[in-house]
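Q: Provided below for reference: sequence and predicted model.
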Amino acid sequence: MATSASTNASSSEGAEGNFPVANNPAIARQVLTAVRIVPPDEDEKKPLWRYAEILERTGKGLGGNVRIRCRLCNHVWNGSYSRVKAHLLKIPGFGVKFCRVVTVHVLEQLKAEVAAASVVANRTLPRDIPLPVEGNEKRKRRGVSAIESSFNLDVRRQLDELIARMFYTGGLPFNLARNPYFRKAFMFATNYLDSQHHLPVPKEIGVHMG
């Protein structure tokens, strides 16, 4: 690709074509969104597989080595997830080249995705719900209240987990959670809508924005 001294932004060739150099957070998000593919069987602890393609399996078992292609720069190598992580996060000592498309802004967003995935993967929901103890009505009522409180806490945590997954699988900036319309939408949904309400598809969202 030809470049000139007067050009403000150059580009890097990746799996989907030429990318503009991600010299700010907005372009970094665009670059990652262009190539991000979330596997249907995604391992929550290994979110960077979204930016790598397995060409063939070269090792035995699920933990074996595979032949990998970076969706950002097209670099191909043999290895496992540890090398995918080293390639994209520019971690030395793993015998793999660093991705040339990853700028400081892309790196920040990749690290944020890894951190968010770690939070979701490590989150444990309560498995045991306390049962009411035998005794008088007051003690029974206290036991029922404990069950209700535990159930409500479980539901809230599951909702928080789903929201967190929406952010890190969609590559959304975390400060979107401060957007007043984001908060109003969830408050409205929890207060007025039932489980039969269908979520809008992209085309419907576009209509509402018109």
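A: Yep, that arrived.

Q: break this structure into its domains for me.
A: Split into domains by automatic domain parsing, the chain comes to 11-112, 123-202.

Q: between the ones you listed, which gets the lowest average pLDDT?
A: Note on the domains of the chain: lowest mean pLDDT is at domain 123-202, with a mean of 64.

Q: ranges for the helices of this protein?
A: 25-35, 81-89, 104-122, 137-170, 180-192, 202-209 (DSSP state H).

Q: contacts only, for the residue nearest to His87 when sequence neighbours are not counted.
A: Of all residues not flanking His87 in the chain, Val96 sits nearest, at 4.9 Å (C-beta to C-beta, 6 or more residues apart in numbering). Yep, even glycine has a C-beta here, placed from its N, CA and C like the rest. Val96 makes contacts with 77, 79, 83, 86-87, as judged by C-beta atoms under 8 Å, 6 or more residues apart in numbering.

Q: most widely separated two among those?
A: Using C-beta to C-beta, the two most remote members of the contacts of Val96 are Trp77 and Ala86, lying 10.0 Å apart.

Q: which non-adjacent residue is nearest Ser82?
A: Phe94 (6.2 Å).

Q: that neighbour contacts Val84, correct?
A: No: between Phe94 and Val84 there is no contact under C-beta atoms under 8 Å: 9.6 Å.

Q: which one of the two is surrounded by more residues?
A: A count of neighbours by other C-beta atoms under 10 Å puts Val84 above the other of Phe94 and Val84, at 24 against 15.

Q: is it true that the more buried one touches Leu48?
A: Yes: with contact defined as C-beta under 8 Å, Val84 reaches Leu48; the gap is 5.2 Å.
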